[in-house]
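Q: would you be able to build a 3D model of this:
(one chain, ligands or ions: 1)
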Amino acid sequence: MTALYQTQPHPEARFWDRIAERYAKKPVPDQQVYEAKLAKTDSYLKPTDRVLEIGCGTGTTALHHAPKAAHVLATDISTGMIKIARAKAKAAGFTNVDFEVASVDDLKVAPGSLDVILAHSILHLLPDVDQVLVKLHAMLKPGGLLISSTPCVGDFMPVLRYVVPLGSRLGVMPWVNVFRKAELDDWLREAGFVAKESWHPSPKGGFYIVAGASPA
Ligand SMILES: C[S@@+](CC[C@H](N)C(=O)[O-])C[C@H]1O[C@@H](n2cnc3c(N)ncnc32)[C@H](O)[C@@H]1O
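A: Residues are numbered from 1 along each chain as shown. Next up, the predicted model:
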């Protein structure tokens, strides 16, 4: 796997760096749902799989899945998040996980080199999500999987669209792309993905989606 990482800090990194320590200590909103998602993802992984995670945060998910795969490259724009993730990996003695500071926009991965890409609670933070999906599709082997979890805020809080510009400028919230699940489905399809599984455990929670990469 060849990867080229960012040289300039990402404009959103400051927000995530500032909250990294707190984020690491914060319990997940619904532990039962989180564990169910982990178990579903585990069921798709094979010991030979090369996995990329984008927006990995403090690495909990990457470290959970690493024993089920050959290698996990877990990436995030926040040096604070990656520092915590690396410390956890070192303390637990992982040898098949690399944590790197990288924006999904700058990440260069050899085309057709990955079996699985994980994208949890990140797609709604990307302004060019449709383009990113095209890029992720190109990184996957034919039949490879994109496994994501995404709050489709446009479905339950469309008014957030008007709050985001001021909130993110004041640094009290990250920039959020307010889109609906139907839009995400369209972008996935247009990028060449075929839906395999979709699970929506709670009305305001994220959609867990497993999508297969069809040949380009
Ligand atoms: C809501 S957190 C989710 C973290 C983790 N995936 C989880 O489920 O707990 C979003 C993460 O995405 C990262 N992020 C935001 N924009 C990004 C980008 N353009 N490329 C890569 N990571 C990004 C943030 O630094 C943050 O750690």
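
Q: just name whatever secondary elements the helix or strand bottoming out on mean pLDDT in the chain is in contact with.
A: Ranked by mean pLDDT, DSSP states H and E, the helix or strand of the chain with the weakest confidence is helix 160-169, at a mean of 86. Using 3 or more CB pairs under 8 Å, 6 or more residues apart in numbering; DSSP states H and E, no helix or strand is in contact with helix 160-169. Just so you know, the C-beta spots here come from the backbone N, C-alpha and C atoms, and that holds for glycine as well.

Q: kindly export that helix (C-alpha atoms) in CSV.
A: Presented in CSV, the C-alpha positions along helix 160-169 are these (Å, rounded to 0.1, in the frame of the first residue of the first chain):
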residue,chain,number,x,y,z
LEU,A,160,-28.5,22.7,10.9
ARG,A,161,-27.5,23.8,7.4
TYR,A,162,-28.0,27.4,8.6
VAL,A,163,-26.2,27.0,11.9
VAL,A,164,-23.1,25.3,10.6
PRO,A,165,-21.3,28.3,9.0
LEU,A,166,-21.4,30.4,12.2
GLY,A,167,-20.9,27.4,14.6
SER,A,168,-17.8,26.2,12.8
ARG,A,169,-16.4,29.8,12.4
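
Q: quick one: it near the ligand?
A: No. On the criterion CB under 6 Å from any ligand atom, helix 160-169 is out of touch with the ligand, staying 11.6 Å away.

Q: now do that helix: distance to the chain's middle.
A: With CA atoms, centre = their mean, to the nearest Å as the basis, helix 160-169 stands 22 Å off its chain's centre.

Q: do stretch 120-136 as well
A: The answer for stretch 120-136 is 9 Å, by CA atoms, centre = their mean.

Q: buried residues in it, which are they?
A: Neighbour-count burial for stretch 120-136 flags His120, Ile122, Leu123, His124, Leu125, Leu126, Val129, Asp130, Val132, Leu133, Lys135, Leu136 (criterion: 16 or more other CB atoms under 10 Å).

Q: okay, and which of these map to strands?
A: Counting by DSSP state E, the buried residues of stretch 120-136 place His120 in strands.

Q: the ligand contacts on the chain?
A: 10, 12, 16, 54-57, 61, 76-78, 81, 103-105, 120-122, 125-126.

Q: again, 8 Å this time
A: When proximity is defined by CB under 8 Å from any ligand atom, the chain lies next to the ligand at 10, 12-13, 15-17, 20, 23, 28, 53-58, 60-61, 75-78, 81, 102-105, 107, 118-122, 125-126, 149, 174.

Q: from those, which would you call buried?
A: The neighbour count (16+ other CB under 10 Å) marks 10, 12-13, 15-17, 20, 53-58, 60-61, 75-78, 81, 102-104, 107, 118-120, 122, 125-126, 149 as buried among those.
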